[in-house]
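1. pasting the sequence and the predicted model now:
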Amino acid sequence: KHPSEFTSISDTLEVIVLELDVEGRKLSLGHKQTTENPWDKYSEEFALGSKHTASIDEMVDKGAVINFNEDITAFVPKRHLEKEDGSELKKGEEAEFQIIEFNKEFKKVVASHMAIHKEEEAKIVKQ
């Protein structure tokens, strides 16, 4: 974000000195570095294998996009959209999803609906 989007002249901000160039008389400050990275807490909340409810927001060629909250958007590969009856989830449908990939560095989450009912089937077979 550009500073004008979150502050005004004469506002007091907490910043961190990122770089000091004495010869060039330059000072580089960072405001974003003073706040905690929300992806640190999301790595626990959206751990591999965790289950969450969401609805399909957008269908794309290779799958679907779902939003768990304002920060976390996940991709669901087409083959992981399969419901228990063999049909495919559609845009707007709400379902339970299991996290099958979480990459904090690249802010990437991959989820699967199919993993939910395949896991339930495996439990039934074991009984």
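-> Yes, it's here.
2. alpha carbons only for contacts and neighbour counts from here, please
-> OK.
3. in which helix or strand would I find His117?
-> Using DSSP states H and E, His117 falls within helix 114-126.
4. now that helix: average pLDDT?
-> Mean pLDDT, helix 114-126: 70.
5. stretch 43-57 too?
-> 93.
6. run through who's touching it.
-> Identification of contacts with stretch 43-57 by Cα atoms under 8 Å, 6 or more residues apart in numbering yields 64-68, 89-102, 104.
7. narrow those to those in strands?
-> 64-67, 94-102 (DSSP state E).
8. farthest-separated two in those residues?
-> Glu94 and Phe102 (20.9 Å; Cα to Cα).
9. which one of those two has more residues nearby?
-> A count of neighbours by other Cα atoms under 10 Å puts Phe102 above the other of Glu94 and Phe102, at 20 against 14.
10. so who does the residue positioned nearest the centre of the chain touch?
-> For the chain, Ile72 is the residue whose C-alpha lies nearest the centre (Cα atoms, centre = their mean; 2.8 Å). Residues counted as contacts of Ile72 (Cα under 8 Å, 6+ apart) are Val109.
11. appreciated, that's everything.
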